[in-house]
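1. I'll drop the sequence and a predicted model, then ask my questions.
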Amino acid sequence: MKRSFALFAIIALAVMALLTSSCAGDRTLEKASATITAGELRDYTRILGADSMMGRKPFTPGEDITIKYLAGELAKLGFEPAFGDSWYQEVPMVEITTVVDGKVLITCGGNSMELAAPDDIAVESPSMRQYVELEEIPMVFCGFGIVAPEYGWDDFAGLDVKGKCAVVLVNDPGLYTGDSTLFKGKEMTYYGRWTYKYEEAARQGAAAILIIHETTGAGYDYSIPRKSSLSPGLYMETAKDGLEPCPVTGWLNAEAASRLFNMLGHDVESLQKNACQPGYKGFETEASISLKLNNSHTRNNSFNVAGIHRGTTRPEECVILSAHWDHFGIGEKENGDSIYNGAVDNGTSMAWAFEIGEAFASMKKRPERSVIIFFPTAEEQGLLGSTWFATHPPVEVQNIIAAFNNDLLLPIGRMKDIMVTGYGQSELDDLLADAARHQDRYIMPDPHPETGMYFRSDHFPFARVGIPSLFARGNFDSREHGKEWAAEQERDYLANRYHKPADNFYPEMNFDGVAEDAQAILEVAYKIVTSDIRPGWKPGSEFANIRY
C-alpha cells in the first residue's frame, strides 16, 4: 500500500511539474506577445518609409542612413551583433549602369522594325564589358526556355543558341494549359522565374535572352521591368556557380513581341499554345537583332544587417526572422515625387521583425536556442543579400532550424486568414495552423500561385540550402470587410503603389492585422526555440532532399 501511494505521489508530482512548466511557458509567451503593438509597428513603418531614408537603395547615402538605423534599433532591443563584433555583413557587388545607344533594330529579309528602349524593350547587361554590341545575331524562339529533366522537358533540345538571342515565354507551361499534371499546374515552379530563364540561357551559351512579357505569367505589369531597366543594376561580384551571365538580358513588351512575330508570319498566342505541348520544338527565326549598350561599373560592398539574441543551452542553434531593407532610392519622377520610399515594400515587414525581436528580448528567461533578426540587402535586385547570407551564414547552416520571412505586409486591418506562400512545402505549416487557431484564424495557400512569390523573397535562398522556410501573412479575408474588399486593397496597391514613389506611409494605415501576424509567427518561433523541434520538409517538396 505504501509503495502504491509513493508511486502515485511521484507520478502526481511529475504531472504537476509538467503542467507548471507548460503554464509558465504559456504565460511567458502571452506576456511577450503583448509587447507587439500596432502603435509600435506604425512608428517603425513611418520612420523606415520617410523621405529621410532616401528610398533605401544600396550604394547610395540612403543605405548608410538605413543600416545605421537598423543596427541602432537592434542594439536598443538588447540584441548583439550577429557577425562577430559587427552588425554588418559585407556583400560584394558590382553596380552596372546600362545605357542603350540608339534604337534596337530587328531585321528579317527586306523587313525591319525598330524597338525603343525602355518602352518596347527593357534591356539590362550584367556584363563587365564597357561596350556590348550585338550585330545582326539570329533570334531563336525557345518556348519557355526550360530544361527540366524531372518533368521530361527540354526546350533547347535540337536548338543551337550559342552566340544568339534566345526569345522565351514567361512562366511555365502548367499555367496556360489548366493541366494540374503539367509541371505544377497553375502554381509557378522555379523554372518559370526570370532568374532561372536568364541562368539557363547562359548555360546554353546565348549572347542575349529576351522574355516576352505577359502580366498574369509575370505577376506584374510591364512597368516593373521597364522601370528596373532605367536604374543601375546590382549583381554579385563573383559569377553564380561560376556561370558567366548572358551579356544582354531583358524583356519584350507584349505589343512589341506581337509585331515581331507577325512580321515573321506567326502570332504569340499560337506560339504559346504550341509551346505548352510536351515535345514541342522551338525554331531559329529568320530575324536578327542588333543593339549597342554602354556599361559603366562600380565595385562596392553593400551590407546585410543582423543581430542575435543568444539562447541559453543551445545558443549555436537558431531561427531566423528576415525582412529586406532595400528599395529603389531616388528615380523616375511620378506625380511630382521621385523618392521610392517602400513603406509597404518593405517597411512594414521590417517593423514586423523588430516587434518579434522585442517580444523575445522581453522574456525574463531566455529560450534555449538563439533568435537572429536579419535585414538583407538587394532583395529587389534578385535576393542578393539573402543569397550571400545563406551561403555565408554566421552560424553553421545545419544549426539554422527554420527561417521566417515577410514582405509586402499590407496594413489593412485584422484578417481571418494567414496566407502561406509555398503552402505544403514544410512542417512549419502545421505549427502555424496551431497558432492561427489560437487567434480564431485559418491558414490557406496563396490564391495566386502563378505569380511565383515563393521564389521572389528572402526565404527562398534559405530553402535552396535546405532550411525549412515560411512566408506567411494575413492577406485574403478581412474580418471587417470580407474577401472582395481585401482583394481590392491588394489590387489597388499593386496597380498604384508597388515599386512606385506612391508607396508611402499614410496615417490611415491599420496595423492591427500586422500585429496579429507578428504574434502568430512569434508563437511558432517560440515553440521551436524552447524545444527540440526540428521541422522538416514535406514529401513532394523540391527541397526535401537538400537538407544537410
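-> Arrived safely, thanks for sending. Numbering: from 1, shown residues only.
2. avg pLDDT for stretch 459-477?
-> Averaging pLDDT along stretch 459-477 yields 97.
3. Also stretch 529-538?
-> Stretch 529-538 shows a mean pLDDT of 97.
4. List the buried residues for it?
-> Using 16 or more other Cβ atoms under 10 Å as the test for burial, stretch 529-538 gives 529-530, 535, 537-538. (Each C-beta comes from the backbone N, C-alpha and C, glycine too.)
5. for stretch 434-442, same thing?
-> By neighbour count on 16+ other Cβ under 10 Å, the buried set for stretch 434-442 is 435-436, 439, 441.
6. go on, stretch 116-130?
-> Buried residues in stretch 116-130, counted by 16+ other Cβ under 10 Å: 117-118, 120-128.
7. Over to stretch 34-48?
-> Buried, per 16+ other Cβ under 10 Å, within stretch 34-48: 35-36, 38, 40-42, 44-48.
8. pLDDT and distance to residue 90 added to the residues you listed, as TSV?
-> Compiled in TSV, the buried residues of stretch 34-48 are given as follows (pLDDT from 0 to 100; distance: Cβ to Cβ, whole Å):
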residue	pLDDT	distance to residue 90
35	98	33
36	99	32
38	99	35
40	99	30
41	99	30
42	99	33
44	99	25
45	99	28
46	99	30
47	99	25
48	99	22
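9. Looking at the residues you listed, spot the one nearest residue 340.
-> Distance to residue 340 across the buried residues of stretch 34-48 (Cβ to Cβ) is lowest for residue 48, with 12.9 Å.
10. From residue 409, how far out is that closest one?
-> Residue 48 is 12 Å from residue 409, where distance means Cβ to Cβ, to the nearest Å.
11. Could you do residue 35 as well?
-> Residue 35 is 18 Å from residue 409, by Cβ to Cβ.
12. which residue is nearest the centroid of this protein?
-> Relative to the mean C-alpha position of the chain, the nearest C-alpha, by Cα atoms, centre = their mean, is the one of residue 457, at 0.9 Å.
13. so where's the protein uncertain?
-> When residues are selected by pLDDT under 70, those of the chain lie in 1-25, 239-241, 547-548.
14. dump the residue contacts of the closest residue to residue 105 other than its chain neighbours.
-> Using Cβ to Cβ, 6 or more residues apart in numbering and skipping residues adjacent in sequence, the residue nearest residue 105 is residue 290, 4.7 Å away. Contact analysis of residue 290 by Cβ atoms under 8 Å, 6 or more residues apart in numbering lists 104-107, 134-137.
15. mind giving me the domain split of the chain?
-> Residue ranges for the domains of the chain, per automatic domain parsing: 35-94+299-529, 96-297.
16. out of these, which comes closest to residue 546?
-> With Cβ to Cβ as the measure, domain 35-94+299-529 is the member of the domains of the chain nearest residue 546 (3.7 Å).
17. The closest one: end-to-end distance?
-> Distance between the boundary residues of domain 35-94+299-529 (Cα to Cα, to the nearest Å) amounts to 18 Å.
18. roughly how far is that domain from the heart of the chain?
-> 10 Å (Cα atoms, centre = their mean, to the nearest Å).
19. go on, stretch 145-164?
-> 26 Å.
20. Tell me the buried residues in it?
-> Buried residues in stretch 145-164 (16+ other Cβ under 10 Å): 145-148, 151, 153, 155-156, 159, 161, 164.
21. so residue 285 sits right up against residue 264, yeah?
-> Yes: contact status for residue 285 versus residue 264: in contact at 5.5 Å, counting by Cβ atoms under 8 Å.
22. okay, those two: which has more neighbours?
-> residue 285 (22 against 19; other Cβ atoms under 10 Å).
23. Where does the more buried one fall, secondary structure wise?
-> Assessed by DSSP states H and E, residue 285 sits inside strand 283-309.
24. shared neighbours, residue 285 and residue 264?
-> By Cβ under 8 Å, 6+ apart, the residues touching both residue 285 and residue 264 are residue 108.
25. ok, back up a step: farthest-apart pair in the buried residues of stretch 145-164, please.
-> 151 and 164 (24.8 Å).
26. quick one: the strands in the stretch 101-250 of the chain?
-> Secondary structure of the stretch 101-250 of the chain by DSSP state E, counting those that start in this stretch: the strands cover 104-108, 111-115, 121-124, 131-141, 147-148, 153-154, 165-169, 208-212, 233-236, 248-252.
27. Can you tell me the strand partners of the fifth one and which way each runs?
-> Counting by DSSP bridges, the strands paired with strand 147-148 are strand 153-154 (antiparallel).
28. what's next to the partner strand, contact-wise?
-> 146-148, 173, 183, 191, 278.
29. go on, stretch 435-451?
-> With Cβ under 8 Å, 6+ apart as the criterion, stretch 435-451 contacts 171, 175, 184, 186-188, 216-220, 415-424, 429, 432-433, 453-454, 472, 474, 476, 516, 519-521, 523-524.
30. Of these, select the buried ones using a ChimeraX command.
-> The ChimeraX selection below is limited to those of the contacts of stretch 435-451 classed as buried (16+ other Cβ under 10 Å):
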select :171,175,184,186,187,188,217,218,219,415,416,417,418,419,420,421,422,423,429,432,453,454,472,474,476,516,519,520,521,523,524
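31. what sits against residue 289?
-> For residue 289, the contacting residues are 104-106, 134, 136-137, 139, 165, 208, by Cβ under 8 Å, 6+ apart.
32. those helices in the stretch 351-500 of the chain, which residues are they?
-> Taking DSSP state H, counting those that start in this stretch as the test, the helices found in the stretch 351-500 of the chain are 384-391, 428-438, 460-464, 483-496.
33. Can you add distance to residue 59 and give these back as CSV?
-> Below are the helices of the stretch 351-500 of the chain laid out as CSV (distance: least, Cβ to Cβ, whole Å):
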stretch, distance to residue 59
helix 384-391, 12
helix 428-438, 34
helix 460-464, 21
helix 483-496, 27
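34. all strands for the stretch 301-450 of the chain, in order.
-> Using DSSP E, counting those that start in this stretch, strands in the stretch 301-450 of the chain cover 314-322, 329-334, 337-340, 369-375, 400-405, 417-420, 442-445.
35. Quick one: closest of these to residue 486.
-> strand 417-420 (8.6 Å).
36. okay, now residue 315: neighbour count?
-> Residue 315: 17 surrounding residues under other Cβ under 10 Å.
37. And it, how far from residue 419?
-> 33 Å.
38. before we move on, back to that, excluding covalently adjacent residues, which one is nearest to the residue nearest to the centre of the chain?
-> The shortest distance from residue 457 to any non-neighbouring residue, by Cβ to Cβ, 6+ apart, is to residue 407 (4.2 Å).
39. Next, the contact list for the one you found, please.
-> 323-324, 345-346, 349, 379, 456-458, 471.
40. Dump those to JSON lines, plus distance to residue 251.
-> Shown next, in JSON lines, are the contacts of residue 407 (distance: Cβ to Cβ, whole Å):
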{"residue": "323", "distance to residue 251": "27"}
{"residue": "324", "distance to residue 251": "23"}
{"residue": "345", "distance to residue 251": "20"}
{"residue": "346", "distance to residue 251": "23"}
{"residue": "349", "distance to residue 251": "27"}
{"residue": "379", "distance to residue 251": "20"}
{"residue": "456", "distance to residue 251": "16"}
{"residue": "457", "distance to residue 251": "20"}
{"residue": "458", "distance to residue 251": "23"}
{"residue": "471", "distance to residue 251": "25"}
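41. Tell me the one of those nearest residue 500?
-> residue 345 (9.8 Å).
42. Contacts for stretch 75-91 next, please.
-> 67, 70-71, 74, 301-310, 354, 357-358, 361, 372-374, 377-378, 384-385, 388-389, 392, 394.
43. thought residue 176 was touching residue 273?
-> Yes: with contact defined as Cβ under 8 Å, residue 176 counts as touching residue 273 (7.5 Å).
44. Which of the two has more residues huddled nearby?
-> Neighbour count, other Cβ under 10 Å: between residue 176 and residue 273, residue 176 has more, with 21 against 13.
45. Report how many residues lie close to residue 210.
-> 28.
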